[in-house]
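Okay, here's the prediction I keep looking at, along with the sequence it came from:
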Amino acid sequence: MELEKFSYDNGIVRKFLIATAIFGVVGMLVGLWAACELVWPGLGLGVDFLSFGRIRPLHTNAVIFAFVGNGIFAGVYYSLQRLLKTRMWNDTLSNINFWGWQIIILSAVLTLPFGYTTGKEYAELEWPIDIAITLLWVVFGLNMIMTIVKRRERHIYVAIWFYIATFVTVAILHIFNSMELPVSFLKSYSVYAGVQDALVQWWYGHNAVAFFLTTPYLGLMYYFIPKAANRPVFSYRLSIIHFWALIFIYIWAGPHHLLYTALPDWAQSLGVAFSIMLIAPSWGGMLNGLLTLRGAWDKVRDDAVLKFMVVAVTCYGMSTFEGPMMSLKNVNAISHFTDWTIAHVHIGGLGWNGFLTFGMLYFIVPKMWGTKLFSEKLANFHFWIGTLGIIFYAIPMYWAGFTQSLMWDEFTAEGFLAYPNFLETVTQLAPMYALRAFGGAIYIVGVLVGCYNLILTAKHGSFVKNEDAEAAALEPTYTPHKGEYWHRALERKPLILMVLAIVAVSIGGLIEIVPTMLVKSNIPTISSVRPYTPLELEGRDLYIREGCYNCHSQMIRPFRAETERYGEYSKAGEFVYDHPFQWGSKRTGPDLAREGGKKLRKPNSWHFNHMLDPTTMSPGSIMPPYPWLIEDDLDVSLTGDKISAMRTLGVPYPVGYENQALADLQAQAQEITNDLAASGTETSADKEIIALIAYLQRLGTDIENEAPTK
Amino acid sequence: MSAFKRPTRMVRIALIFIAALLLPKMNMASSVLINSTGASDESLFLILAFVALFQITVILVIAGVIKAIASNHEVWKMRWDKGAAVLIGIFLLSGGTAMAQGTPFNEMVSMGDTGFMALIFVNLMLFVTFIYLTSKLNGLLKMMMKDEEGKVPETFLDKINTMLTDAAPLEDEKSVEMDHEYDGIRELDNNLPPWWLYMFYACIFFAVVYLFHFQVSPIPGLSDWVILGKVEQGNQIDQYKLEMKEAEEAKAAFVATVESVVDESNVELLTEADDIAAGQKIFKLYCGPCHGENGASMPGGVGPNLADDYWIHGGSVTDVYKTIKYGVPSKGMVSWEAQLNPTKIQQVSSFIISLKGTNPENGKEPQGDLYEEVAVPAESPAEDATVDAESTDDEVVEEDVME
């Protein structure tokens, strides 16, 4: 058999590597900034684009899509060529993939801090960027599939199964969750409302973790651990079983983000059941990684690459056990809305994604630059300080989570909340927040040292842009071995494997989402729930723009501790006009679902003063001030269009109401302004703050007008 | 074995220093947590203390063994166990600081929670040390045996590992190696680790039980099982109703033990300095933001001036009590019924009335009507009768509870 000569495209890998490192540093620094804002609220500097609600989405998007995203591309482009013994199919597509992705990241940096957001967690980017992501993802997928098609290796390796599953599932998730109706160039409304929107969003959110942060990284693990340790993969059989089980089961687990909410019970229970079943498939990956190191543990002691990977895989194992535990309804009752969740995701983020990325970088860079790592010592320093960073990050957050949850739920013997003032449960956490920022900071120190080490490594070597390789072409016909494992056939037919993967990941989503969309009884209507007034709608858009959902939930769970504190628990029917839903996932501040209701209602002037400087109304509050809401005029140029868009989505505004909306808006604004004036606060009716107050005062009031028939 | 690469000494010392500084802080944080919640339990405390002592003993024994082996052995020069010594040092130090917060011992038990949390923390630290030392000892033993026999023998831990994973032994690996490789990556075809497989089955079983329990019918006997959570009734709303019912009963039972409960029908003005001071404290915390710390609000302030003679919702103690308790939602006054207990509302009402006429400077302009004190009418016999009747009822309830 004649050997064909070809070359691997290292140039594209280098580009992605550099982007990974840069966005790693940037994304984490933004995170550190956000963490510090919770310790020193003044750090927002009173500037809108630095406020926590806008910075936090930037952090999450940066570390997930810029840091890990580029890391995925770097690892895939490096390993795919070598595993298939071929160059990437099309260099132009590779470069479009690279530059396109960086432009998308740049557009995120230019939109999120400036308030252009869809208000759906981890999917905040507005519709034009969503479309660009879709196209880009297709470019990546096409390039990958065509590379697979023209491979020189008969069978595709387990890493590539994971890449394929990643490609198809992320595409499905992104497209369905990003269904939105544009109102203008950078404003759109989710086509789903309330409960449905929540379910689709968390089907997406959960599986973004599964198929963006997990499956591609498992693929990378399957390539880099055996390579770095020079050991055979522990069990092929385990690979097969945990791969299919993982992608099939993962997709079902989304509803565990919505336990005790207004989501129908049956969907919640399904989410829990599948979360528990997910433990084994997840651990299958961990085991296959760790057991591959059998007989090579002495290398782990010496080799920084392996050290990073071992901790990464261990963190993966820990968070994939913790996750299902947190999915149990009774545990979730404690953990949800608290910093426990934050600790959990950072074990995964800093440990699994972060450390695997660095392990990979420490492996690839010396290889591609044809040299040795500049300093093993510095790499070890990075490893140790990074590990310490994770510990210092996670432990205080666990502590904060338990503390806050216990304080929320405690009652005195007389039947009163022990800490009726939500603020008491926040100020208690100040030292934990400070420690967390410290943990994050030393982790970043490690990252910086790592970057320095890698740069010097590159400087000492010489980069080979096109690495020569040779391999035999595939023979046109292939006779399978006798008695080969059935799965081998699939590995020869990657397109069939892809179709089966699509089937596997579709089932769970379909079974959970379709009935929630179609079966009326899942969302009992409440006749007194009315669409928002134009002013309230504008106020709601401000609420979304400022990212209030990052710290405030709008979902009162049916627990005594919550109904005592916030009022009646939230009902599915209350959210039917909420495009998008704003239930939130974290309570750094109190729930706002009934902020305007009898129990919590405050005067307009309270809200005015509170937004100007929260500490005047809530001494010790860590909420940032929002002076710009008070200074800036409300943009009403789109009000009519927004009403029309909402009607298109099924909100029952009368036909033609868009022409009257502005007049109604001004009348309501004047009313609020007059009320403020009566209590001595002078402002004018065209300011943003008026709309926000209108929205906040509306929250939770509909249900109080319900005829008491029950 | 070459000692694995470590950060330089300066860095190490710096890290240890930082860790030693911060660990006690964590303990303090924990004590804050626990003081604010949970209750202490002496027996648990003693068990924990015993476990800690036990762990210390075991650690000392292992350390002793290591030292004994190492002292007549080359490896001592490799300083690897100095790291362990330093680790133990830190843990004991931090544990010690934690303990010191709760000493002396008696006080610690009575203080309960601080020491309790500290002990859990110390135990965790000790456990980590224990694991670390055990692995070191294991490595050391391996190395010694290698010296004698020329190859690394299987240790006890290795054997357990093999048993759990059902993997082909390392030296026999070829028997399960597959006939392909990808970019130099070979694959073995080891059996699925049995414990993993059974865990998978168990999880699937659990999932089925879980779905049945929550969606079909609660399984008797499983309702109190901690992993499932207390489920007497399937859906979360029924569950909530049950929780509220139980809370009401507990509340009623508690109220029955209290002699009298203040409410708007019987609230009286308090004049004792202690009560006024308590009222002032509550006022500052909850009312101050809107009404000003001195009660006079300010021009443009959120709430009305409470330190003048004018009242929007009436200025008698009963009026003020009611305004605080139920709030005036239409005007933005929040209801405090769920946040302050009746006595506290009474105290803060009395404090507010004590402000009457203090008229601090720069207060908000008066709103509402001038309120003039009316002679408090003597309590009517009818009211007394009601109160009596109520207390009788209370006694009945109390008896019920006793039974």
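Perfect, I can see it now. Numbers count the residues shown, from 1 in each chain, chains lettered A, B, ... in the order given.

Tell me, domain by domain, which residues of the chain belong where.
Picking chain A for this. Using automatic domain parsing, the domains assigned to chain A come out as A:10-476+A:489-512, A:534-705.

You answered for a different chain; I wanted chain B.
If you go by automatic domain parsing, chain B breaks into B:9-153, B:197-257, B:273-372.

tell me the helices in chain B, going along the chain?
Secondary structure of chain B by DSSP state H: the helices cover B:9-36, B:42-71, B:80-102, B:105-111, B:113-149, B:156-165, B:194-211, B:236-257, B:273-282, B:288-291, B:317-326, B:342-354, B:381-402.

so which residue of the stretch 301-403 of chain B comes closest to chain A?
With C-beta to the nearest C-beta, the shortest gap between the stretch 301-403 of chain B and chain A falls at B:Gly332, namely 2.7 Å. Backbone N, C-alpha and C define where each C-beta goes, glycine included.

Quick one: residues contacting the residue lying closest to that residue once chain neighbours are set aside.
Distances taken as C-beta to C-beta, 6 or more residues apart in numbering or on different chains place A:Pro603 nearest to B:Gly332, at 2.7 Å, with adjacent residues excluded. By C-beta atoms under 8 Å, 6 or more residues apart in numbering or on different chains, the residues touching A:Pro603 are A:Asp675, A:Ser679, B:Cys290, B:Val302, B:Gly303, B:Lys331, B:Gly332, B:Met333.

Who wins on neighbours among these?
B:Val302 (26 neighbours; other C-beta atoms under 10 Å in any protein chain shown).

Counting residues, name the longest strand you see in chain B.
strand B:177-182 (DSSP state E).

Give the burial count for the residue of the stretch 251-400 of chain A found nearest chain B, as a bare number.
For the stretch 251-400 of chain A and chain B, the shortest gap (C-beta to the nearest C-beta) falls at A:Asn330, measuring 2.9 Å. By other C-beta under 10 Å, the residues close to A:Asn330 number 13.

Buried ones in the host helix or strand of it, by neighbour count?
Per DSSP states H and E: A:Asn330 is located in helix A:329-335. Across helix A:329-335, burial judged by 16 or more other C-beta atoms under 10 Å in any protein chain shown covers A:Lys329, A:Val331, A:Asn332, A:Ala333, A:Ile334, A:Ser335.

Would you reformat those residues as TSV and include pLDDT?
Compiled in TSV, the buried residues of helix A:329-335 are given as follows (pLDDT from 0 to 100):
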residue	pLDDT
A:Lys329	88
A:Val331	89
A:Asn332	92
A:Ala333	91
A:Ile334	90
A:Ser335	92
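
Please tell me the pLDDT value assigned to A:Ile507.
If you check A:Ile507, the pLDDT there is 92.

Where does it fall, secondary structure wise?
helix A:494-518.

What are the buried residues along that helix?
For helix A:494-518, a neighbour-count test (16+ other C-beta under 10 Å) marks A:494, A:497-498, A:500-502, A:504-505, A:508-509, A:512-513, A:516 as buried.

what residues does it touch?
By C-beta under 8 Å, 6+ apart, the residues outside helix A:494-518 that reach it are A:145, A:148-149, A:156, A:160-161, A:164-165, A:168-169, A:172, A:176, A:195-196, A:199-200, A:203, A:207, A:211, A:244, A:247-252, A:254-255, A:263-264, A:267, A:270-271, A:274, A:490-491, A:522-523.

For those residues, which ChimeraX command selects only the ones that are buried?
Selection of buried members from these for ChimeraX, criterion 16+ other C-beta under 10 Å:
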select /A:145,148,156,160,161,164,165,168,169,172,195,196,199,200,203,207,211,244,247,248,249,250,251,252,254,255,263,264,267,270,271,274,490,491,522,523
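
Could you tell me which of the contacts of helix A:494-518 are located in helices?
Judged by DSSP H, the contacts of helix A:494-518 include A:145, A:148-149, A:160-161, A:164-165, A:168-169, A:172, A:176, A:195-196, A:199-200, A:203, A:207, A:244, A:247-250, A:267, A:270-271, A:274, A:490-491 as members of helices.

all strands for chain A, in order.
Counting by DSSP E, chain A has strands at residues A:3-9, A:180-184, A:187-190, A:466-472.

Show me which of those strands has the highest average neighbour count.
strand A:187-190 (a mean of 23; mean count of other C-beta atoms under 10 Å in any protein chain shown).

That one pairs with which strands?
Strand A:187-190 sits in its sheet next to strand A:180-184 (antiparallel), going by DSSP bridges.

quick one: B:Glu187 and A:Pro232, what's the gap?
Distance from B:Glu187 to A:Pro232, counting by C-beta to C-beta, to the nearest Å: 6 Å.

intersection of neighbour lists for these two?
Taking C-beta under 8 Å, 6+ apart as the criterion, B:Glu187 and A:Pro232 both touch B:Glu177.

Mind checking the domains of chain A for the one nearest to B:Thr165?
domain A:10-476+A:489-512 (6.2 Å; C-beta to C-beta).

I'd like the distance from that closest one to the chain centre, please.
In terms of C-alpha atoms, centre = their mean, to the nearest Å, the centre of domain A:10-476+A:489-512 is found 9 Å from the chain centre.

Quick check: end-to-end length of that domain?
Counting by C-alpha to C-alpha, to the nearest Å, you get 43 Å between the two ends of domain A:10-476+A:489-512.

count of neighbours near A:Glu475?
9.

Would you mind giving both backbone torsions of it?
phi -70, psi 150 (degrees, to the nearest 10).

Get me the contact residues on the stretch 51-200 of chain B for chain A.
The stretch 51-200 of chain B comes close to chain A at residues B:165, B:167, B:170, B:173, B:177-180, B:182-193, B:196, B:199-200, as judged by C-beta under 8 Å from any C-beta of the partner chain.

Recalculate using a threshold of 7 Å.
Residues of the stretch 51-200 of chain B found near chain A (C-beta under 7 Å from any C-beta of the partner chain) are B:165, B:167, B:170, B:177-178, B:180, B:182-183, B:185-190, B:192-193, B:196, B:199-200.

Can you tell me which of the residues you listed are buried?
Buried among these by 16+ other C-beta under 10 Å: B:165, B:167, B:177, B:180, B:182-183, B:185-190, B:192-193, B:196, B:200.

ok, and the closest non-adjacent residue to the residue of the stretch 1-150 of chain A found nearest chain B?
Proximity of the stretch 1-150 of chain A to chain B (C-beta to the nearest C-beta) peaks at A:Arg82, 4.2 Å away. Nearest non-adjacent residue to A:Arg82, counting by C-beta to C-beta, 6+ apart: B:Asp183, 4.2 Å away.

Ok, A:Asn61 next?
A:Ala108 (5.2 Å).

So what's the residue count around the one you found?
Look at A:Ala108: counted by other C-beta under 10 Å, it has 23 neighbours.

hang on, the earlier thing: redo the contacts of A:Pro603 as CSV? Include pLDDT and distance to A:Val447.
Output for the contacts of A:Pro603, formatted as CSV (pLDDT from 0 to 100; distance: C-beta to C-beta, whole Å):
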residue, pLDDT, distance to A:Val447
A:Asp675, 90, 51
A:Ser679, 80, 51
B:Cys290, 83, 46
B:Val302, 79, 46
B:Gly303, 83, 50
B:Lys331, 74, 54
B:Gly332, 73, 49
B:Met333, 83, 52
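
need the residues you listed in JSON lines with distance to A:Lys482, can you?
Compiled in JSON lines, the contacts of A:Pro603 are given as follows (distance: C-beta to C-beta, whole Å):
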{"residue": "A:Asp675", "distance to A:Lys482": "86"}
{"residue": "A:Ser679", "distance to A:Lys482": "88"}
{"residue": "B:Cys290", "distance to A:Lys482": "84"}
{"residue": "B:Val302", "distance to A:Lys482": "85"}
{"residue": "B:Gly303", "distance to A:Lys482": "88"}
{"residue": "B:Lys331", "distance to A:Lys482": "87"}
{"residue": "B:Gly332", "distance to A:Lys482": "83"}
{"residue": "B:Met333", "distance to A:Lys482": "85"}
